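S.K.: Predicted model and sequence below, questions to follow.
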Amino acid sequence: MELLIQKAKQHDKAAFAAIMTQNAQSMYKVAKAILKNDEDVADAMQETALTCWEKIGTLKKNEYFKTWMIRILINKCNYIYRQKVQLTSDSMIPEAMAEESGFSNVEWMELLECELLPVK
């Protein structure tokens, strides 16, 4: 593993691919525990691989590669999770507002349609 990481740091694509393949199952388990959705898990793993490839030069100790990679994966998963939560809550706002404005329109129309009471 140490030799593969050394080669990957020199941008050896085959070495990097081998490292990612060796760690794919661990990555999947971590991402699945956070995201629960296979499509999101695949996105998180792909983004993690890209980030690791781009930033492998910043890895200080080769023996901590897996820990470093999993930390990047967790951050990616949390980002995807937050986006989904935000999209879900944002999509619910217009519904709630539409329902609320619908009720107020009905009340307003009823008020306009009612006859005025005679004044004595």
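M.R.: That came through, no problem.
S.K.: separation between residue 38 and residue 13?
M.R.: Distance, residue 38 to residue 13, using Cβ to Cβ, to the nearest Å: 26 Å. (C-beta placed from N, C-alpha, C; glycine too.)
S.K.: most centrally placed residue in this structure?
M.R.: residue 80 (0.5 Å; Cα atoms, centre = their mean).
S.K.: my guess is that one contacts residue 35, does it?
M.R.: Yes. Using Cβ atoms under 8 Å, residue 80 is in contact with residue 35, at 6.3 Å.
S.K.: Measure how buried residue 67 is and give me the count.
M.R.: Using other Cβ atoms under 10 Å, residue 67 has 10 neighbouring residues.
S.K.: swap in residue 21?
M.R.: Residue 21 is flanked by 9 other residues according to other Cβ under 10 Å.
S.K.: just residue 5 next, same as before
M.R.: Neighbourhood size, residue 5 [other Cβ under 10 Å]: 19.
S.K.: Check the one 10 residues further on too.
M.R.: Burial of residue 15 is recorded as 17 neighbouring residues (other Cβ under 10 Å).
S.K.: residues in contact with residue 44?
M.R.: Shown in contact with residue 44 (Cβ atoms under 8 Å, 6 or more residues apart in numbering): 31, 34, 35, 73, 76, 77, 80.
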